[in-house]
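[1] I need the structure of the sequence given here:
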Amino acid sequence: MSKLNVAIFCMGSLGGSSEVAVNLALALRANGHDCDVFAYENAMQERLLREGIRIRTPNSLSYAIFDHIQTDFGFLVAFDKLHKKKPYDIIHVHYAVPLIHVMSNLRDIYGIPCVVTFHGSDVTIVPDLFDVSMLTKLVEKAEASVTVASRFLADSVEKVYKLERSRIHLIPNTIAPEFFGEFARKREEPPYFVHVSGLRPVKRVWDIVLAMCCLRKKLAHGATNAAPRLKIIGDGPDLPDLHLLSEKCGLHDDVDFLGQIDERREVASIVSSADALILSSLTESQPLVILESMAVGTPVICSSFTSAPELIGENGERGWIFEIGDSQALARIMQDVIESPEMAVQRAVRAREWVLREHHMDAVTKAYVDLYGDAIVEDSKRSL
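    This is a model prediction of the structure:
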């Protein structure tokens, strides 16, 4: 494939969809392609600048009568300026909502082939908020290729957005290179579990705090002297309530709220020394935090969201699955991890082998570059 110039659009916040977009942008640059990132926020600017990629954010219009104009207009202006200097070969949008209409407008104006990646909330939550039939029309009008990271999400996109399955391509998420390094895992004393998320209601982090409470009671009546801790990385609307719940459960000395950590190497270090990572979400597509934990050899415990078996394995060969909201079941698994570390290590080894094989950056980047090439060829055929 000849050198491509790719325009990537994403939210730009510290969520998983932006992480996927940024990882892809960095990988494209490392493989000799050109890439610009357009985003509403520039939370990941530092990482991109190290590789010479700047995030383009829309300029705000401060003049009073323009208050109602969406900042998406700024994307069009920024795109046009750069496109005139060096034309883009492909437009890749991460998150159908709210970016799909930006993609559609750019397609109308410039006729550039488009790819849209659905990440989860734009399929599992947005359809409950409004009718998505217009979004389907925009995808079809732009003749865009669609990518998803899991079979569950492919099924959901086909059902919810009424898109032909042949248009939907399954390309797994990949993770930052920091998580593919060799980490010398060592169990710390006291043992600890870790959770990483945006601390929103859909993450149900309170289930983990309640499980910690159950676990401490179990261990107090058992033979072990272990006093496990819980480390929570992230920030979000549920943080104050989680503080209160920890206090109410008598865990104020056992739960460490570490806040938002932007440096990926630091997150990898904390996760790699944990006895297990716990994800208790109501719904997920293919959460990066699970892939990251597997890559550094940390056992994974997750709730029974629909795509969990794709990650953990149908028979739990790569971790543990508990029913959503069952904090007592989660506590039992946490106890098993502490008291039977050999079993936990076996599952973690299988998980690391799997994630390095199925989610390595090189393979995922090649899949996207191949898709870009196919989209360009198909677009050329349509224009004949």
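
[2] how many neighbours does Pro191 have?
    Neighbour count of Pro191, defined by other CB atoms under 10 Å: 19. All C-beta spots, glycine's among them, are computed from the backbone N, C-alpha and C.

[3] tell me the strands in the protein, going along the chain?
    Secondary structure of the chain (DSSP state E): strands located at 5-10, 34-39, 55-56, 90-94, 114-117, 145-148, 168-170, 192-196, 229-233, 255-259, 276-279, 300-303, 320-322.

[4] Which one, of the ones you listed, ends up nearest to Asp128?
    Comparing the strands of the chain against Asp128 with CB to CB, the closest turns out to be strand 145-148 (18.7 Å).

[5] which residues sit against the closest one?
    For strand 145-148, the surrounding residues in contact (CB atoms under 8 Å, 6 or more residues apart in numbering) are 113-118, 139, 154, 157, 163, 167-171, 285, 368, 371, 374-375.

[6] Check stretch 19-26 too.
    Defining contact as CB under 8 Å, 6+ apart, one finds that stretch 19-26 is touched by 6, 8-10, 35, 37, 39, 44, 47-48, 51, 53, 92, 94, 117, 119, 149, 173-176, 288, 361, 364-365, 368.

[7] try 7 Å
    Stretch 19-26 is contacted from outside by 8, 10, 35, 37, 44, 47-48, 51, 53, 94, 173-176, 288, 361, 365, 368, using CB atoms under 7 Å, 6 or more residues apart in numbering.

[8] which of the strands of the chain has the lowest average pLDDT?
    Comparing mean pLDDT over the strands of the chain, the weakest stretch is strand 55-56, at a mean of 86.

[9] Now do that one: which elements does it pack against?
    Applying 3 or more CB pairs under 7 Å, 6 or more residues apart in numbering; DSSP states H and E, we find strand 55-56 packed against strand 34-39.

[10] Tell me which strands the strand it packs on pairs with, and in which orientation.
    Paired with strand 34-39 in the same sheet, following DSSP bridges, are strand 5-10 (parallel), strand 55-56 (parallel).

[11] how about it: buried residues?
    Neighbour counts over strand 34-39 (16 or more other CB atoms under 10 Å) mark Cys35, Asp36, Val37, Phe38, Ala39 as buried.

[12] ok, for Val123, nearest residue in space, not its chain neighbours?
    Nearest residue to Val123 in three dimensions, chain neighbours excluded: Ser156, at 4.7 Å (CB to CB, 6 or more residues apart in numbering).

[13] Same question for the top helix by length along the chain: list its buried residues.
    In terms of residue count, the longest helix belonging to the chain (DSSP state H) is helix 361-382. By 16+ other CB under 10 Å, the buried positions in helix 361-382 come out as Met361, Val364, Thr365, Ala367, Tyr368, Val369, Leu371, Tyr372, Gly373, Ala375, Ile376, Asp379.

[14] Residues in contact with that helix: which ones?
    With contacts defined as CB under 7 Å, 6+ apart, helix 361-382 is touched by 1, 4, 6, 23-24, 27-28, 31, 89-90, 113, 115, 145, 147, 169, 171-172, 174, 177.

[15] Can I have the buried ones of those residues as a ChimeraX selection?
    Those of the contacts of helix 361-382 that count as buried under 16+ other CB under 10 Å are selected in ChimeraX with:
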select :4,6,23,24,27,28,31,89,90,113,115,145,147,169,171,172,174
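
[16] picking up where we left off before, what number of residues lie near the residue nearest to Val123?
    Ser156: 21 neighbours (other CB under 10 Å).
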